[in-house]
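Chemist: build the 3D model from these lines:
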Amino acid sequence: MGSTAVGTSEEGGGVVSEQVRKDAYVKLLVILLAPLGLFIYEQQNIPSINQQLRQKQAAISQLAEYNSKAENAVKEIKKFKEDEKKIQARISALEKIAKNRFREVKVLDLFQQVIPEKMWFTRIDIKDGKILLAGQSTSDIDISTFMDSLSKSVFLQDVVLISSAEMVQDGLTLKKFEIGCSLEMTGNQQ
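Modeler: The predicted model follows:
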């Protein structure tokens, strides 16, 4: 009896241990299935992820190359704009010179046209846009008429009588005068 009980006990223990072993194998299998499933998932997805990574890196390098080329283009555009500003400034300066280059000639022509018959110049100074006329006349009216004509000119501004004095030369009484004026810098010169 005692041996039967021990045998039964061993048989029951063997059954229990067989059951425990089966449960342990099932648990081990479940525990191993999760990493195995993850491994299989990774093996199937990692190549596509690596391919996407390579594509994105290639796209980044293409964009970096594009940006590098674009940066050079932007620098060239800025340089062209700076050059354009310099050229525009030069063109403006040349246009101004073109407008003003015959200004003095036109003013001298104006003097010749409006000077009264009994008036003459002894000195004409044109410097830095200022004109100083010195001369003689037989009457104050001629000086006044001449100044009025100069004041109406589009080439001149600020016409003023600087001095006027009587003098006797070769028995004639003459009016010695000095007139100052400025050249019109922005006048409508044609």
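Chemist: please identify the helix or strand for the residue nearest to residue 132 when sequence neighbours are not counted.
Modeler: With C-beta to C-beta, 6 or more residues apart in numbering as the criterion, residue 132 has its nearest non-adjacent residue at 4.4 Å, and that residue is residue 125. Where you see a C-beta, it was placed from the backbone N, CA and C, and this is true even at glycine. Secondary structure assignment for residue 125, by DSSP states H and E: strand 119-127.
Chemist: ok, residue 131 next?
Modeler: strand 130-137.
Chemist: same deal with residue 27?
Modeler: Applying DSSP H and E as the criterion places residue 27 in helix 2-100.
Chemist: next, the contact list for the closest residue to residue 169 other than its chain neighbours, please.
Modeler: Spatially, and ignoring its direct neighbours in sequence, residue 169 is nearest to residue 136 (7.8 Å; C-beta to C-beta, 6+ apart). The contact partners of residue 136, by C-beta atoms under 8 Å, 6 or more residues apart in numbering, come to 119, 120, 122, 167, 169, 174, 175, 176, 177.
Chemist: quick one: which of the residues you listed is most hemmed in?
Modeler: Within the contacts of residue 136, most neighbours by other C-beta atoms under 10 Å means residue 177, with 23 neighbours.
Chemist: is it located within a strand, as I assumed?
Modeler: Yes - checked against DSSP: H, G, I helix; E, B strand; the rest coil, residue 177 lies within a strand.
Chemist: state the distance from it to residue 131.
Modeler: Between residue 177 and residue 131 the distance is 14 Å, computed by C-beta to C-beta, to the nearest Å.
Chemist: and for residue 181, the neighbour number?
Modeler: Count around residue 181 with other C-beta under 10 Å applied: 22.
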